[in-house]
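the following block contains a protein sequence and its predicted model.
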Amino acid sequence: MLNHIHIRNFAIIEEVELELHSGMTVLTGETGAGKSILIDAIGLVLGDRADSGVVRHGSDKAEITLTIDVAHTASTKQWLDDNDMNADDECILRRIITNKGKSRAWINGTPSNLGMLKQLGEQLVDIHGQHEHQSLMKREFQRQMLDDFANNHTLLSKVDKTFSQWKTTHQRLQDILSQNDEYQSQIDLLSFQVSELEKLGLSKKEIIALDNEHARLTNADELLQTSGSVTQALYKDDHSIYSQLSQVIHSIESQLDKDKALSEPLAMIQSAQIQLQEAAEDLRQYRDHLEANPQLLDEVSNKITEVQSLARKHRIAPEELPDKLEDFVTQLTALQSDDYDIETLTSRLEAAKADYLKVAQQLSKKRLSAAKILSKGVTEAMQELSMQGGTFAITVEQDKEASFAAYGIDHIDFTVSANPGQPLKPLAKVASGGELSRISLAIQMIAAQRLTLPALIFDEVDTGIGGSTAEIVGRELRKLGENRQVLCVTHLPQVASQSHHHNKVTKVKGNNATSNGIITLSEEERVQEVARMMGGVDITESTLNLAKEMISNAG
């Protein structure tokens, strides 16, 4: 239930605070007083879109705060808890819109977005607008209204999900079929490129080593000669460096007893001799493994030519060829996977179609059942709304062969016969403006009976009716208010007199600006307001008595 609303600098409202109560509350006022502004404010704090135009002239921001009692709404408390928001018995929604068009929102002090406000609002409030009868002419709106009445939201989500899966698979198959020749050519090219690089059979490390191997084989004779002569000079000649170092070591050792300071340079020379000996051994082994091999040189030269040719072909460095092979293999594997296989995709499409039709037919069944109930209820309501003999019926026709849609496979049409003996025809073709208003009101009244939401808002839905019909509408709204909160903006005294609570919108003109106020009427003020709504230049005693009688009869 909506408990309290605080509005500041919104439209022509400077500041308003209003306590809201259970039962039926009406909001009335002079023409042009801005009776619907309160409803607009509630809509905004529940996630409706807005721009800077809603900010009162001369103000930097509009601010709306709505306090809602959620103590008896377990699903809402669970939603708040799931979203890490304080899930006490009271929920506070706050929204600010700046004169620059920026919007910010909070739920229980936690920053939120419009999507979250809408999700929360849909669990708590249902708003019926004054122009809803115009929307009733559209088939899309008719379908949505029937689905709301049938509470088809969960099933609609399943239909939408299976439709999305079918559509994605269908589009994928169409793309493959339309590009089949190109697709096969791509596979052939990639297969050849993979085979060509696999035949090369070299790793990145081996490719880098090829140039060094080629240089070694090309200069084998010179390398053999150089390594041999160096080995001789280092170790094998009678006057080799090794022999000379041995003599130096012997000379120093003979003088150690005379000065121990010679031990450090001696150790360094001995270490150098050991390293020289190891270097000579490495050169010997190098020479033993080195030989001129013209055949191997030809093989390495050919391999280098092949590597360079492939690198030029793919416009990359030679050492990047193994990475290119890996990339080609990945592309080829993807093209040869089930996502590109026509037979597999066709099978998937059939399965997706079956899944979609299964849930779509479940949705159709629920729609047919709900259509019968709603048609019967609206037909009965039409009799009470001065449309005796009128009939309302909702047709739900399946068309499995037509294009699938996210909302199912049904064509839904609201039909009406305004007078006895006339055939049922689409609503848009037969209903006059007044009849359309009453039919729309009848649908909303019957639909509201099925809603479990704690608060219902009717914004001048009684437009186009009057007399005894208006009194019946007032009674029905009061009846709805017996077990939930009903907030109704009305211009009809017959409706206003049926309320449990009465608020009046006033317009105050200042020196520089006009502002709105909302006051809660006392019983005496309420009689005055209902009398004013009944018309006439002056409010007479008889008008006041009639207003008092209307209010008394309602209670």
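Everything's here; your move. Numbers count the residues shown, from 1 in each chain.

where in the stretch 101-250 of the chain is pLDDT low?
Along the stretch 101-250 of the chain, the parts satisfying pLDDT under 70 run over 130-134, 178-182, 218-219, 221.

OK, contacts around residue 190?
For residue 190, the contacting residues are 328, 331-332, 335, by Cβ atoms under 8 Å, 6 or more residues apart in numbering. For glycine as for every other residue, the C-beta is placed from the backbone atoms N, C-alpha and C.

out of everything not next to it in sequence, what's closest to it?
In space, and not counting its chain neighbours, residue 190 is closest to residue 332: 4.3 Å by Cβ to Cβ, 6 or more residues apart in numbering.

now swap in residue 7 and tell me
residue 16 (4.7 Å).

the one you found falls within a helix, correct?
No - under the criterion used here (DSSP: H, G, I helix; E, B strand; the rest coil), residue 16 is strand, not part of a helix.

now for this structure, the helix or strand with the poorest mean pLDDT.
Least confident helix or strand, the chain: helix 132-135 with a mean of 65, by mean pLDDT, DSSP states H and E.

straight-line length of stretch 25-41, end to end?
17 Å (Cα to Cα, to the nearest Å).

and it, how far out from the chain's middle?
Here stretch 25-41 is found 34 Å from its chain centre; the criterion is Cα atoms, centre = their mean, to the nearest Å.

likewise stretch 298-307?
57 Å.

cool, and stretch 372-384?
Relative to the centre of its chain, stretch 372-384 is centred 38 Å away, using Cα atoms, centre = their mean.

CA atoms of that stretch as PDB?
Extracted in PDB, the C-alpha atoms of stretch 372-384 (Å, rounded to 0.1, in the frame of the first residue of the first chain):
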ATOM      1  CA  LYS A 372     -13.600 -16.900 -22.200                       C
ATOM      2  CA  ILE A 373     -13.600 -15.600 -18.600                       C
ATOM      3  CA  LEU A 374     -12.700 -12.100 -19.600                       C
ATOM      4  CA  SER A 375     -15.300 -12.000 -22.400                       C
ATOM      5  CA  LYS A 376     -18.000 -13.200 -20.000                       C
ATOM      6  CA  GLY A 377     -17.100 -10.700 -17.300                       C
ATOM      7  CA  VAL A 378     -16.900  -7.800 -19.700                       C
ATOM      8  CA  THR A 379     -20.200  -8.700 -21.300                       C
ATOM      9  CA  GLU A 380     -21.900  -8.700 -17.900                       C
ATOM     10  CA  ALA A 381     -20.200  -5.400 -17.000                       C
ATOM     11  CA  MET A 382     -21.400  -3.800 -20.300                       C
ATOM     12  CA  GLN A 383     -25.000  -4.500 -19.200                       C
ATOM     13  CA  GLU A 384     -24.400  -2.500 -16.000                       C
END
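
now do it: everything it contacts.
Stretch 372-384 is contacted by residues 146, 149, 389-394, 438-439, 442-443, 445-447, 449, 469, 472 when judged by Cβ under 8 Å, 6+ apart.

buried residues in that stretch?
374-375, 377-379, 381-382, 384 (16 or more other Cβ atoms under 10 Å).

domain ranges for the chain?
Domain ranges of the chain: 1-124+453-522, 184-335, per automatic domain parsing.

run a quick neighbour tally on residue 194.
When neighbours are counted by other Cβ atoms under 10 Å, residue 194 registers 19.

from what I see, it and residue 325 are in contact.
Yes - taking Cβ atoms under 8 Å as the definition, residue 194 is a contact partner of residue 325 at 6.7 Å.

residues shared between the contacts of those two?
Counting by Cβ under 8 Å, 6+ apart, nothing touches both residue 194 and residue 325.

hang on, the earlier thing: next, format the domains of the chain as JSON lines and append distance to residue 546.
Listed next are those as JSON lines, based on distance: least, Cβ to Cβ, whole Å:
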{"stretch": "domain 1-124+453-522", "distance to residue 546": "9"}
{"stretch": "domain 184-335", "distance to residue 546": "82"}
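
which stretches in the stretch 351-500 of the chain count as strands?
391-398, 410-417, 425-426, 455-459, 485-489 (DSSP state E, counting those that start in this stretch).

before we move on, the earlier item: for the residue nearest to residue 7, which residues are in contact?
Contact analysis of residue 16 by Cβ under 8 Å, 6+ apart lists 5-8, 38, 516-518.

can you do 7 Å?
Residue 16 sits next to 7, 516-518 when contact means Cβ atoms under 7 Å, 6 or more residues apart in numbering.

cool, residue 177 as well?
Listed by Cβ under 7 Å, 6+ apart, the contact set of residue 177 reads residue 342.

hmm, back to that, my read is the residue nearest to residue 190 is in a helix, agree?
Yes - under three-state DSSP, residue 332 sits within a helix.
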